[in-house]
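1. following is a predicted model, sequence given first.
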Amino acid sequence: DAGITQSPRHKVTETGTPVTLRCHQTENHRYMYWYRQDPGHGLRLIHYSYGVKDTDKGEVSDGYSVSRSKTEDFLLTLESATSSQTSVYFCAISERQGIYEQYFGPGTRLTVT
Amino acid sequence: GEDVEQSLFLSVREGDSSVINCTYTDSSSTYLYWYKQEPGAGLQLLTYIFSNMDMKQDQRLTVLLNKKDKHLSLRIADTQTGDSAIYFCAELDTGNQFYFGTGTSLTVIP
């Protein structure tokens, strides 16, 4: 299995609080991605990174920000969590963009009450 | 974003073949993928097909692509209980972004 960990694995938070999810990889892959998974929607890309300090928006980026100060870490921040952000969040990595396989982390289940 | 559609549920008996279907809207997709998600886990790539191919076979898995109808299918031969999972199709667009389908939950009945 690719070396990807996510923390925390589960979190319950209140509306309006800030939340940061962490993705950590040991594969030295250049590309990192944050997805959210919701019933009836599959996985949707939030943000992705193509290098240290290089990030871009995905399909559902509103309400989320990301940072990547080191190759191995990609942080997803919800500045002020809302109930609509209750979801399962997956991090993925890939060596290069395009056809190359994305390896997924185990996911973080976030509940916003 | 692109629309990638799948039926939500499929139930088959152990030993039978399973066929999971997917339709997509982006005619310029370069690659199409099938991923498997087991309970509590992330997605795992099963196979992929280049958009200029019609078929790809990999052991028990057969992928069929009808580019004219924008239809992709995954056939699992001799389905086993360990195949029970959610299966996602995904397409890679010309901007190198992935779009995932809604997922099909496959249940294999012993």
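-> Everything's here; your move. These numbers were taken from a predicted model, which means no experiment stands behind them.

2. quick one: low-confidence parts of chain B?
-> Within chain B, the stretches with pLDDT under 70 are B:1-2.

3. residue ranges of the strands in it, please?
-> Using DSSP state E, the strands of chain B run over B:4-6, B:9-13, B:18-24, B:31-37, B:43-50, B:55-58, B:61-66, B:71-76, B:85-92, B:98-100, B:104-109.

4. quick one: the third one to strand B:71-76, angle?
-> Put plainly, it is strand B:18-24. 160 degrees (axes from the mean of the first three to the mean of the last three CA atoms, to 10 degrees).

5. show me what residue A:110 bridges to in the sheet.
-> Beta-bridge partners of residue A:110, counted by DSSP bridges, are residue A:11, residue A:87.

6. including mean neighbour count, could the strands of chain B go into JSON lines?
-> Bear in mind the C-beta positions are built from the backbone N, C-alpha and C, glycine included. Shown next, in JSON lines, are these (neighbours: other CB atoms under 10 Å in any protein chain shown):
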{"stretch": "strand B:4-6", "mean neighbour count": "20"}
{"stretch": "strand B:9-13", "mean neighbour count": "13"}
{"stretch": "strand B:18-24", "mean neighbour count": "19"}
{"stretch": "strand B:31-37", "mean neighbour count": "22"}
{"stretch": "strand B:43-50", "mean neighbour count": "18"}
{"stretch": "strand B:55-58", "mean neighbour count": "12"}
{"stretch": "strand B:61-66", "mean neighbour count": "17"}
{"stretch": "strand B:71-76", "mean neighbour count": "20"}
{"stretch": "strand B:85-92", "mean neighbour count": "23"}
{"stretch": "strand B:98-100", "mean neighbour count": "24"}
{"stretch": "strand B:104-109", "mean neighbour count": "17"}
